[in-house]
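Q: predicted model follows, preceded by the sequence.
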Amino acid sequence: SQQGEEDPQALSIQEGENATMNCSYKTSINNLQWYRQNSGRGLVHLILIRSNEREKHSGRLRVTLDTSKKSSSLLITASRAADTASYFCATDSGTASKLTFGTGTRLQVTL
Amino acid sequence: EAQVTQNPRYLITVTGKKLTVTCSQNMNHEYMSWYRQDPGLGLRQIYYSMNVEVTDKGDVPEGYKVSRKEKRNFPLILESPSPNQTSLYFCASSLWGISGGAEGYTFGSGTRLTVV
């Protein structure tokens, strides 16, 4: 079963704009992670935010977490064509055997 | 370079012909896992291993086998592949167990399997 659901499913923006993706999940978590996947390739870990954190930054990435709403957002500022990829949230519930991944947001950044 | 290596990258096979997808990591990670990725279904876990000789089923283990005889290797075996196992497969490993820790999971590049 899918723990995380990303929204929107697809997003198209122009280079230089900001991209915001949202993730909602169902059960309590220890941490939430974001991954990027270039077409047909393996996922790459971007950032982790723990359940007791509300916001985290890494370069052009900003992640927020609202545990009361069971939701997270990933903001990519000043997007570049190289940011074109699918982005997945993944949750660690502390009780499951794995990270549980959502179905992803496809981001297209055009010149 | 720290990595997870999967082979082959692409594979087309016929129904019923046994195959093995290899996965090897050079980071001394204890936790390893196999996922399959299908359109609209996201990533679903097949099997995972907490350490050598310790394996367990994930969400979709039917039709698959795994083994963990060495820490670095975690092969995925399809004894009698069927067309519904056509998918994109990923091996992943983690230093910090299931949670992945601050570094998260390290994924292989994927194996695109087609069973005809």
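A: Noted; the coordinates are in hand. Residues are numbered from 1 along each chain as shown, chains lettered A, B, ... in the order given.
Q: and the residue in chain B that chain A sits nearest to, how many neighbours?
A: Nearest to chain A in chain B, going by CB to the nearest CB, is residue B:104, at a distance of 3.0 Å. From N, CA and C alone the C-beta is placed, and that goes for glycine too. Close neighbours of residue B:104, defined as other CB atoms under 10 Å in any protein chain shown, add up to 25.
Q: how close does it get to residue A:50?
A: Distance of residue B:104 to residue A:50, computed by CB to CB, to the nearest Å: 13 Å.
Q: hey, what's the closest residue to residue B:99 other than its chain neighbours bridged with?
A: Excluding the flanking residues, the one nearest residue B:99 by CB to CB, 6 or more residues apart in numbering or on different chains is residue A:92, at 4.3 Å. Residue A:92 forms beta bridges with residue A:31, as assigned by DSSP bridges.
Q: residue A:92: neighbour count?
A: As a burial measure, residue A:92 scores 25 neighbours (other CB under 10 Å).
Q: list the contacts for it?
A: Applying CB atoms under 8 Å, 6 or more residues apart in numbering or on different chains to residue A:92 gives the contacts A:29-33, A:99, B:98-100.
Q: show me what residue 36 is bridged to.
A: Let's take chain A. residue A:44, residue A:87.
Q: try chain B instead
A: Per DSSP bridges, the residues bridged to residue B:36 are residue B:44, residue B:89.
Q: phi and psi next, for the residue sitting nearest the centre point of chain B.
A: Centroid check for chain B by CA atoms, centre = their mean gives residue B:34 as the closest residue, at 2.8 Å. In this entry, residue B:34 is assigned phi and psi values of phi -110, psi 140 (degrees, to the nearest 10).
Q: you'd agree it is up against residue B:91?
A: Yes - using CB atoms under 8 Å, residue B:34 is in contact with residue B:91, at 5.7 Å.
Q: so residue B:98 lies in a helix, does it not?
A: Yes - assessed with DSSP: H, G, I helix; E, B strand; the rest coil, residue B:98 lies in a helix.
Q: on that earlier part again, residue contacts, the residue lying closest to the residue of chain B closest to chain A once chain neighbours are set aside?
A: Counting by CB to CB, 6+ apart, residue B:104 lies nearest to residue A:45, which is 3.0 Å off, once chain neighbours are set aside. Contact analysis of residue A:45 by CB under 8 Å, 6+ apart lists A:33-35, B:100, B:103-106.
Q: what's the most distant pair in these?
A: Across the contacts of residue A:45, the longest distance by CB to CB is 15.0 Å; it joins A:34 and B:106.
Q: of these two, who's got more company?
A: A side-by-side neighbour count of residue A:34 and residue B:106, using other CB under 10 Å, places residue A:34 first with 29 against 22.
Q: quick one, phi/psi of that one?
A: Torsion angles at residue A:34 (phi, psi; degrees, to the nearest 10) stand at phi -120, psi 140.
Q: tell me if I'm right that it and residue A:47 touch.
A: Yes - when contacts are counted by CB under 8 Å, residue A:34 is listed as touching residue A:47 (5.3 Å).
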